[in-house]
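[1] make a model of this:
(one chain, ligands or ions: 1)
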Amino acid sequence: MTRDVAIAGAGPVGATLALFVADADLDLAIVDARHEGDAGRDRALALSHGARLIFERLRLWTALCAQAGAVTPIAQIDISQARGFGGVRLDAAEQAVPALGYVVSYRALQRVLDEALARAGVVVAFGTRVRGVAASTDAATFELENAPPLRARLGVVADGAGTPIASIARQRHDYRQCAVVGEVWLDHPHGGVAYERFTADGPVALLPERDHYALVWTCAPDEASRLLQLPDDAFLGELSAHFGARVRRFVRVAERRAFPLALDVARNPTQPHLAVVGNAAQALHPIAGQGFNLGLRDAYDLARTILDTPRAQLGEPAMLARYRQRRTLDRRAGIAFTHGLVQLFGNDLPWLRVPRGLGMVALDTLPFAKRAFSRAMLYGLR
Ligand SMILES: Cc1cc2nc3c(=O)[nH]c(=O)nc-3n(C[C@H](O)[C@H](O)[C@H](O)COP(=O)(O)OP(=O)(O)OC[C@H]3O[C@@H](n4cnc5c(N)ncnc54)[C@H](O)[C@@H]3O)c2cc1C
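    Model prediction:
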């Protein structure tokens, strides 16, 4: 039996795609390795205003905001560099938008999406792991653990981790850095202000979340191991010293962990009868908060392409070419912008401090530059 569309992974990206096509007259299958009711490990997702609009189209934004502490608006973003001059303050009120972005709980979002899938009558085969993917001239086939293979005119890989797909070439770049993440509290309310500080070891970000900040501290892998082992007081002392006087006193830390940072991109996210979306298509450095937003736009654009394609032509080269045309510019820009920012700000080359500082001064003082940068943050780079 050949389905119309089969999606591997009902994470935020796969679930969003499934919800957009749920009402169409399609034979849709979706599988996920996690167990029913398990919304995954929590993390603070950085959502752009454009991502909010995607969830509004699905009528899910209000439900998400109704979950206690699930969504924290970002009112201002403060960008600065250690050991250098210049700084930028972006302000939602100045840009006439309700917020510059949102910090969203991964688990809360996943729960809202799982409930919406159930309401829409989309049955997720939970506890079903995809072991391999094969694309042929007429269909894609997912090899499943403990279940018969799943064949579809269009197979979509949205498994986040990037199940190895032999036919899809990937570009990888190991940043030789880790992100130490955790929750930190200041001795005063955050007021919706997010901070991004570029230091010699890499960027440090503080994202306002509920009553605390979600911390993303990039550093060398050895340093990350050392930071994880420090007692809380010593960790907070080092964070204060590293962050500088931009914020006042850190008083508490919880949930510290670290993960390695790499750029891992599918060179071409389509093969005949197959599309790769979300983190499986592009896992980016968190420096600019672009990764998840790009993934959501993959889901949205693929759903539009599916909906304007006759069933018999799903997965055909012409359909996949239309999808690539919609995604290529945005995707390339998001990847290049993020990678470029890491190269420009993720080092301590003294000769770069002055141009970096001048760039930030220009961004802060030239209204058109500030507006263009804010719009890129809000809606993506297309
Ligand atoms: C460790 C880590 C920390 C991160 N921290 C942050 C952060 O702090 N802030 C931020 O904005 N972004 C963060 N990200 C990125 C963010 O999580 C992703 O952009 C986002 O989750 C992408 O959504 P997705 O649906 O593509 O993938 P995922 O969220 O990974 O979802 C994939 C889904 O596929 C399922 N799956 C996986 N493998 C299989 C398989 N073989 N068969 C079937 N199902 C499968 C999973 O169970 C899951 O439900 C982090 C990523 C990682 C890996």
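
[2] pick out the residue of the stretch 51-200 of the chain closest to the ligand.
    Going by Cβ to the nearest ligand atom, the ligand is nearest to residue 160 of the stretch 51-200 of the chain, at 2.0 Å. To be clear about C-beta, it is placed using only N, CA and C from the backbone, and glycine gets the same treatment.

[3] now do the contacts for that residue.
    Neighbouring residues of residue 160 by Cβ atoms under 8 Å, 6 or more residues apart in numbering: 9, 11, 13, 278, 279, 280.

[4] hmm, 7 Å instead?
    Neighbouring residues of residue 160 by Cβ atoms under 7 Å, 6 or more residues apart in numbering: 9, 11, 278, 279, 280.

[5] let me know how buried residue 236 is, in neighbour terms.
    Neighbourhood size, residue 236 [other Cβ atoms under 10 Å]: 18.

[6] state the three-state secondary structure for it.
    Look at residue 236: counting by DSSP: H, G, I helix; E, B strand; the rest coil, its state is helix.

[7] with adjacent residues omitted, what lies nearest to it?
    Spatial nearest neighbour of residue 236, excluding adjacent residues (Cβ to Cβ, 6 or more residues apart in numbering): residue 250 at 4.4 Å.

[8] ok so, going back, make CSV out of the contacts of residue 160 and add secondary structure and neighbour count.
    Formatted as CSV, those follow (DSSP: H, G, I helix; E, B strand; the rest coil; neighbours: other Cβ atoms under 10 Å):
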residue, secondary structure, neighbour count
9, coil, 28
11, coil, 23
278, helix, 30
279, helix, 23
280, helix, 28
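
[9] of these, which ones also sit close to the ligand?
    Of the residues in the contacts of residue 160, proximity to the ligand by Cβ under 6 Å from any ligand atom holds for 9, 11, 278, 279, 280.

[10] didn't residue 206 look like it was pressed against residue 195?
    Yes. Residue 206 is in contact with residue 195 according to Cβ atoms under 7 Å; the separation is 4.3 Å.

[11] more neighbours, these two?
    Using other Cβ under 10 Å as the criterion, residue 206 and residue 195 rank with residue 206 on top: 25 against 20.

[12] who are the contact partners of the more buried one?
    Neighbours of residue 206 in contact, by Cβ under 7 Å, 6+ apart: 194, 195, 213, 215.

[13] distance check, it against the ligand.
    Going from residue 206 to the ligand by Cβ to the nearest ligand atom, to the nearest Å gives 12 Å.

[14] up against the ligand, what does this protein have?
    For the chain, the residues found near the ligand under the criterion Cβ under 6 Å from any ligand atom are 8-14, 31-34, 40, 43-46, 129-130, 158-161, 163, 181, 216, 259, 278-280, 286, 289, 291-292, 295.

[15] what mean pLDDT does stretch 43-51 have?
    The pLDDT scores in stretch 43-51 average 91.

[16] flag the shaky bits of the stretch 201-350 of the chain, pLDDT-wise.
    Within the stretch 201-350 of the chain, the ranges that satisfy pLDDT under 70 run 345-350.

[17] domain assignment for the chain?
    With automatic domain parsing serving as the domain definition, the record reports that the chain contains domains spanning 2-68+104-171+263-342, 73-101+175-260+347-379.

[18] partner residues bridging residue 78?
    Residue 78 forms beta bridges with residue 89, residue 195, as assigned by DSSP bridges.

[19] I figured it hits residue 192, correct?
    No. Between residue 78 and residue 192 there is no contact under Cβ under 7 Å: 11.2 Å.

[20] list the buried residues of the longest helix along the chain.
    Assignment by DSSP state H gives helix 317-345 as the longest helix of the chain. Neighbour-count burial for helix 317-345 flags 319-320, 322-324, 326-327, 330-331, 333-335, 337-339, 341-342, 345 (criterion: 16 or more other Cβ atoms under 10 Å).

[21] ok, stretch 270-279 next?
    For stretch 270-279, a neighbour-count test (16+ other Cβ under 10 Å) marks 270, 271, 273, 274, 275, 276, 277, 278, 279 as buried.

[22] could I get those residues in a markdown table, plus columns for secondary structure and distance to residue 223?
    Output for the buried residues of stretch 270-279, formatted as a markdown table (DSSP: H, G, I helix; E, B strand; the rest coil; distance: Cβ to Cβ, whole Å):
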| residue | secondary structure | distance to residue 223 |
| --- | --- | --- |
| 270 | strand | 39 |
| 271 | strand | 39 |
| 273 | coil | 45 |
| 274 | strand | 39 |
| 275 | strand | 38 |
| 276 | strand | 33 |
| 277 | coil | 34 |
| 278 | helix | 30 |
| 279 | helix | 25 |
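
[23] closest to residue 227 among the residues you listed?
    Set against residue 227, the nearest of the buried residues of stretch 270-279 by Cβ to Cβ is residue 279 (24.8 Å).
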